[in-house]
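**Q** Mind folding the following:
(2 chains)
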Amino acid sequence: MVTKTRSMLLNVGPSHPAMHGVIRLIMELDGEKIKNVDVEIGYLHRAFEKMCETVMYGQCFPYTDRLNYVSPLINNVGFALTVEKLLGIDIPERAKYIRVIMSEISRVTDHLTCIGASAMELGAMSAFLYMIKAREFLYELVEEITGARLTVSYVRVGGVKADLTPGFTDKCFHKIAEVRKVLIEADELLTRNRIFFDRMKGIGVISKEDAISHGITGPFLRSTGVAYDVRKANPYLIYDQLDFDVPVGTTGDNLDRYFVRMAEMEQSLRIIEQCFQQIPDGPIAGELSGEIMPASEMVDHAKMGQTEGLITDEVNLDPTLQGSTKKYAKGINTDRRDIALPPKEETYSNIEGLMNHFKLVMYGHGIRPPVGEAYFPVEGANGELGFYIVSDGRDNPWRVRVHPPCFPIMSALPKCLIGSVMADLVPTFGSVNMIAGELDR
Amino acid sequence: MTPLEKVQEQFKDNVIEVHAFRGDETVIVRPHVLKEVAKFLKEAPGLEFDFLMDLTAVDYLFFAGGRIQKEFRFEVVYHFYSLKNNQRIRLKVPVTEEKPEVETLIDLWASANWYEREVWDMYGIRFQGHPNLKRILMYEEFQGHALRKDYPFNKRQPLIGPNN
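**A** Numbers count the residues shown, from 1 in each chain, chains lettered A, B, ... in the order given. Model (predicted):
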């Protein structure tokens, strides 16, 4: 008697713990072997591109935070750079350094999350906890500067929201040392771990040609041996003045992707250290000689016409606005008054500053790039993050398109999975570092 | 010779416009030569654009509040990148509202597969020859194409199941 065999359809996700709650895979299995995979995305679609068309340029930043929510600062930077390209403006040196420092901190948090989570999915719970601890150190830095941990909305068109706080450099070096310790710990826990090694080595392989044809960028492409990094290929901000390496793999399997990410974190930490050596000085001390008063008091003085001496006074702001006073604003924002908000003292103490502020935040009055289009790629944590903006000369963008780095990777996921066994899905999917926020937008 | 000049020389009359606004080299071609141009960009020596980095569309309905009226409604926008020469180029194809169709590039770049599905999903532009042109971000039962300018951003649609 001949036994008839047929393949089995297995549905994984969207509410499967290894699918992070947002992806559905329909797999055709022959025993344990994967014969075919259909990837279904879109469970986290929030109409990012449509909503950006309805708001002003500055108001898009909160939306960009929610693209790749593990490294929101890179999204902020990417969007700001695209609008700046459209406007044709340059920003002060110090702001460029701050943007690079914050981007690299974000890149480390992203890689830590990716490696930590995929190690946890393979059972290495302690490695995950150590790495999340390290991420916490970095989130504390992010929180200190931006006032938020996740939804930072820190970058502005023409600069950044706030300057670095006093003593930030030392704090940063301290945290970097802590993160390095954790990286060594994680390396000891994972790299020579037989279980981890066996489940990563030779699994989820993709060839160089396939990766290029699928438009894959970032660590996923570099693991196949292609040294493409936007920071080197099309240097933006001040990346051309920094010394860092682009780690590449050889085989394009999960283990290589793990190694590439581990090596990249070290490079990012190196970049941050270099930035602190090169960054131009911040606020010039003694520029403001007047007294320090709360915002409400300054507004009252101005309303009553007691403007004498007000020009040298400093305002004491709410913590969320810290670092945006006159003392700091000049070094971190462009001089163009039709683009950057005036320092808070001017808004509170004189009519010109107030009008300037309103002209930038009121509907129908904001930043107006000329009619045209611009595409600007930055190196996101997952690969090339590109924004394509079309302007019709009005204050809200006509079209905002984001090229999400994990979109092409997800489209190539069947290539990595077909032929391997069902259990290999977990490490392979983990190494993609799929972030549904940017995948589904 | 820059990539733009090469394309212009090869496809003389079928190139509608070239520009390099803010340094982004852009070429707009007639839809019927799209595939030839794409193939040329991918294979011609000195060009070798091996990455299809991004593929999207733009709806120009009432562009600039109706002040600038284009004779077509949509533009399909391709961003290419050449690893070897470290160059980028943008290719655009006008598409009319009456016949929103262009050829697929799936046999040249595998990345076109999902991008084209997304453009179909969001703009309703068909890609001739695409083997699996179904919605990707929205669900199958969704009515209309969300990124078209005549689709209101606050429009609600009840989620419906397949047999309802």
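
**Q** which ones are touching residue A:214?
**A** Shown in contact with residue A:214 (C-beta atoms under 8 Å, 6 or more residues apart in numbering or on different chains): A:408-409, A:411-412, A:415, B:109-111. (Each C-beta comes from the backbone N, C-alpha and C, glycine too.)

**Q** Now for those residues: which two are most distant?
**A** Within the contacts of residue A:214, A:409 and B:109 form the most distant pair, 14.7 Å apart (C-beta to C-beta).

**Q** more neighbours, those two?
**A** Shown here are residue A:409 and residue B:109; by other C-beta atoms under 10 Å in any protein chain shown, residue A:409 has more neighbours (27 against 24).

**Q** returning to that earlier point: make a markdown table from the contacts of residue A:214 and add pLDDT, distance to residue B:31 and secondary structure to it.
**A** Formatted as a markdown table, the contacts of residue A:214 follow (pLDDT from 0 to 100; distance: C-beta to C-beta, whole Å; DSSP: H, G, I helix; E, B strand; the rest coil):
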| residue | pLDDT | distance to residue B:31 | secondary structure |
| --- | --- | --- | --- |
| A:408 | 91 | 25 | helix |
| A:409 | 90 | 30 | helix |
| A:411 | 90 | 25 | helix |
| A:412 | 90 | 28 | coil |
| A:415 | 87 | 30 | helix |
| B:109 | 90 | 18 | coil |
| B:110 | 89 | 22 | coil |
| B:111 | 89 | 20 | coil |
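
**Q** Just send the residues you listed back as TSV, with distance to residue A:428 too.
**A** Output for those, formatted as TSV (distance: C-beta to C-beta, whole Å):
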residue	distance to residue A:428
A:408	16
A:409	11
A:411	14
A:412	11
A:415	10
B:109	23
B:110	18
B:111	19
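
**Q** Next to chain A, which bits of chain B? Give me the list.
**A** Proximity of chain B to chain A, by C-beta under 8 Å from any C-beta of the partner chain, involves residues B:21-22, B:24, B:26, B:50-54, B:56, B:58-59, B:63-65, B:68, B:77, B:79, B:83, B:86, B:88, B:90, B:109-111, B:113-115, B:122, B:135-139, B:146-147, B:153.

**Q** can you list the residues of the stretch 101-250 of chain A near chain B?
**A** Counting by C-beta under 8 Å from any C-beta, the stretch 101-250 of chain A sits next to chain B at A:210, A:212-215, A:217, A:226, A:228, A:233-234.

**Q** Can you tell me the element the most centrally placed residue in chain B falls in?
**A** By C-alpha atoms, centre = their mean, chain B has its centre lying nearest to residue B:76, at 2.4 Å. In this assignment (DSSP states H and E), residue B:76 forms part of strand B:74-82.

**Q** Pull out the CA atoms of that strand and give them to me as CSV.
**A** Taking Å, rounded to 0.1, in the frame of the first residue of the first chain, the C-alpha atoms of strand B:74-82 are listed here in CSV:
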residue,chain,number,x,y,z
PHE,B,74,0.1,60.1,-11.1
GLU,B,75,3.8,59.7,-11.3
VAL,B,76,5.5,56.4,-10.4
VAL,B,77,8.9,57.2,-8.9
TYR,B,78,11.9,54.8,-8.9
HIS,B,79,15.1,55.4,-7.0
PHE,B,80,18.1,53.4,-8.2
TYR,B,81,21.5,53.1,-6.6
SER,B,82,24.6,51.8,-8.1
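
**Q** Give the pairing partners of that strand; include direction for each.
**A** strand B:51-59 (antiparallel), strand B:87-95 (antiparallel) (DSSP bridges).

**Q** How much space separates the residue nearest to the centre of chain B from residue A:44?
**A** Residue B:76 is 25 Å from residue A:44, where distance means C-beta to C-beta, to the nearest Å.

**Q** same question, residue B:137
**A** Look at residue B:137 and residue A:44: by C-beta to C-beta, they are 9 Å apart.

**Q** what residues are shared contacts of those two?
**A** The contact sets of residue B:137 and residue A:44 overlap at residue A:440 (C-beta under 8 Å, 6+ apart).

**Q** So what pairs up with residue A:316 in the strands?
**A** residue A:294.

**Q** Give the full set of residues in contact with it.
**A** By C-beta under 8 Å, 6+ apart, residue A:316 lies in contact with A:292-295.

**Q** Name the nearest of those residues relative to chain B.
**A** Of all the contacts of residue A:316, residue A:295 has the smallest distance to chain B: 34.9 Å, by C-beta to the nearest C-beta.

**Q** and whichever strand or helix holds residue A:104, which residues are buried?
**A** Element membership for residue A:104 (DSSP H and E) is helix A:93-121. Applying a neighbour-count criterion of 16 or more other C-beta atoms under 10 Å in any protein chain shown, the buried positions in helix A:93-121 are A:94-121.
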